[in-house]
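Q: Predicted model and sequence below, questions to follow.
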Amino acid sequence: MTPAHGSAGIDEKWAVDLMAYRDGELDSSRRNEVGHHILECDECRSLLRDFGKVGNIVRENADEDASRLAARPVWPRVRRALAPPAEERKPESRPWRTLVPAFRWAFALPAILLVFLGAILYDSIRRAPAPEGAVIVGLVESPDPVFLFQQRGSSVTVIWVFEPQPAPPTKEEARST
Amino acid sequence: MAPEERDLVRAARSGDDDAFGRLVEKTQSRLVRLIRGIVRDDDEAMDLVQETYIKAHRSLDTFREGSAFGTWLHRIGVNAAIDHLRKRSAFSPASLEDAGSWEGGGEDPAGTSGRPTPDRLLEGEEAGKAIRRALESMPPEHKATILLRELEGLSYDEIAEITGAAVGTVMSRLFYVRRKLRDALREHR
Ligand SMILES: [Zn+2]
């Protein structure tokens, strides 16, 4: 049998082997070797007992700590964390909503263009000079027809003809009738 | 993986949230115990448990069928807890150097050299408190390693897979922690 440890006591390598023996991690020949030695050695048995005691206390502490947490719900918290926000929960019921983001620019661009074109059109109308030759008239009183016309060079275009309206009766006329 | 668990994982992967809820209920007590043991705070532990399940739900597609769901879940949870502790506080490099000192010789690692042993180990409540205090000051990876071994009974290979460390590192961490905890149990007169 290979000497286990000398009279000076358990050395490091042997202590690690004892630990591995306790954990069932030695191959069969080394396991037999250590097992035989333990039967004859109080010191090794004492160290193994201490390792066992340490393990027991670690387990007892852990069980005690975990027992305080046993009542705390885990799955409900996890499920809440996994659930998507309420407004995104049922995309299948309104499939068009999922299309909106994709076509957002397709809707937005024409709208923006319309606004710009509208603004440009309005500005150009506002600034446009009065047609050449046109006369802006407030009120014309005339017994004859009034022509609204546009003159370009020698050509004249009649746009509208206002027929004379009979003037409303004056106060004297109204009284005399 | 048990047939029922396999069916639940399949259903959850195809979008069945009730099946995922069943998986949560079946695995939560062990996950809570493990993560609470690592972070040592009730509220932080519950937040991390929630985070673990959310991460698991989002990465169900990456879960390999045939592997153990619990191991996969513990890997996510342990890594989340270790990351959390790293952000919360930095551990002094001295304690980590100390962790490797048993390999280099010199000081007797197990505190078991041939000297007379008048010290006795603390008992009961005092022992529990001493172990709590000692675990408090340990690096997160060391805490995770001892808890995966003592609570879950995992093999060194399985612990290595979960923590992403080499098997030799797992052994050295386990030995370091057990030595420290055993020292903490010694009654100081
Ligand atoms: Zn011995």
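A: Alright, I've got the coordinates.
Q: And the longest helix along chain A, what's buried?
A: Residue-count comparison of every helix in chain A, with assignments taken from DSSP state H, identifies helix A:42-69 as the longest. In terms of neighbour count (16 or more other C-beta atoms under 10 Å in any protein chain shown), helix A:42-69 has its buried residues at A:43-44, A:47-48, A:50-51, A:53-55, A:57-58, A:61-62, A:65-66, A:69. No exception for glycine: its C-beta is placed from N, CA and C like everyone else's.
Q: same thing with stretch B:146-162?
A: Residues of stretch B:146-162 classed as buried: B:146-152, B:154-156, B:158-162 (neighbour count, 16+ other C-beta under 10 Å).
Q: Just the residues contacting it, thanks.
A: Residues external to stretch B:146-162 that are found in contact with it (C-beta atoms under 8 Å, 6 or more residues apart in numbering or on different chains): A:20, A:23-25, A:55, A:58-59, A:62, B:30, B:33-34, B:37-38, B:71, B:74-75, B:78, B:135, B:144-145, B:163, B:165-167, B:169-171, B:173-174, B:177-178, B:181.
Q: before we move on, what about stretch A:62-77?
A: Among residues not part of stretch A:62-77, those counted as contacts by C-beta under 8 Å, 6+ apart are B:21, B:24-25, B:28-29, B:32-34, B:36-37, B:42, B:45-46, B:49-50, B:53, B:128, B:147, B:150-151.
Q: do you know how far B:R179 is from A:A15?
A: In this structure, B:R179 and A:A15 are 8 Å apart, going by C-beta to C-beta, to the nearest Å.
Q: pLDDT averaged over stretch B:154-166, what's the number?
A: In this model, stretch B:154-166 has a mean pLDDT of 96.
Q: Check the offset of that stretch from the chain's centre.
A: Between the centre of stretch B:154-166 and the centre of its chain there are 10 Å (C-alpha atoms, centre = their mean, to the nearest Å).
Q: mean confidence for stretch B:26-36?
A: 97.
Q: Give me the domain ranges for chain A.
A: Following automatic domain parsing, chain A resolves into domains at A:12-74, A:96-127.
Q: what's around B:E65, how many residues?
A: Residue crowding around B:E65 was assessed by other C-beta atoms under 10 Å in any protein chain shown; the count is 10.
Q: For it, give the beta-bridge partners.
A: Each beta-bridge partner of B:E65 is listed here, defined by DSSP bridges: B:S67.
Q: shouldn't it be in contact with B:E5?
A: No: counting by C-beta atoms under 8 Å, B:E65 does not reach B:E5; the two are 10.9 Å apart.
Q: and the next element down the chain from the longest helix of chain A?
A: Of the helices and strands lying after helix A:42-69 in sequence (DSSP states H and E), the nearest is helix A:75-82.
Q: List the buried residues of that next one.
A: For helix A:75-82, the buried set under the neighbour-count rule, 16+ other C-beta under 10 Å, comprises A:W75, A:R77, A:V78, A:R79.
Q: C-terminal to the lowest-mean-pLDDT helix or strand in chain A, what's the next element?
A: Among the helices and strands of chain A, helix A:95-102 carries the lowest confidence by mean pLDDT, DSSP states H and E, at a mean of 56. Reading on from helix A:95-102 to the C-terminus, the next helix or strand found by DSSP H and E is helix A:104-127.
Q: now the strands for chain B?
A: With DSSP state E as the definition, chain B shows no strands.
Q: If I look at B:H57, what pLDDT would I see?
A: The pLDDT attached to B:H57 in the predicted structure is 96.
Q: That one: neighbouring residues, count only.
A: 18.
Q: pretty sure A:L18 is in contact with A:L47, am I right?
A: Yes: at 5.9 Å, A:L18 counts as touching A:L47 under the criterion of C-beta under 8 Å.
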